[in-house]
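Chemist: Turn this into a structure:
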Amino acid sequence: MTWQTWIQQFLTENPIQTAFLFCGISMIATPAAVAGFILGVLGFSAGGVAAGSLAATMHAIINPITAGSLFAILQSAGAAGAGLVTVATAIQAAGAALIARPVYTILQYITGSA
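Modeler: Model prediction:
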């Protein structure tokens, strides 16, 4: 069996793992872009916390914000500050965890134990 056949068989038989694989690879390869998207959806922007967003609601609930807290790190990351490195690293780690099972399954296809 050729490697093209293994890939085709994996993609056909494992659509969810395929999605996890591609999402995980994207998270590892472009963590800043993924972070920017996620932070924007949550309401953490370059101008601060967006009014009416989930971030604004969280801010109202946990006010005052403690330095070094998760909220402070996300706010810093949204403003492209030091928190962006922390968030990008966490996204890469999550991406690595996300591809663990698909990679294991691919190795089973390659070794013939799938």
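Chemist: Share the number of residues neighbouring Met1, please.
Modeler: Using other Cβ atoms under 10 Å, Met1 is surrounded by 9 other residues. Every residue, glycine included, has its C-beta placed from N, CA and C.
Chemist: repeat for Pro31
Modeler: 21.
Chemist: Mind pulling the model confidence for it?
Modeler: The confidence metric pLDDT takes the value 94 at Pro31.
Chemist: three-state assignment of Pro64?
Modeler: Secondary structure, DSSP: H, G, I helix; E, B strand; the rest coil: Pro64 is coil.
Chemist: so how far is Phe71 from it?
Modeler: 10 Å (Cβ to Cβ, to the nearest Å).
Chemist: Would you mind telling me which of these two has the busier surroundings?
Modeler: Comparing Pro64 with Phe71 by neighbour count (other Cβ under 10 Å), the higher total belongs to Phe71, at 18 against 6.
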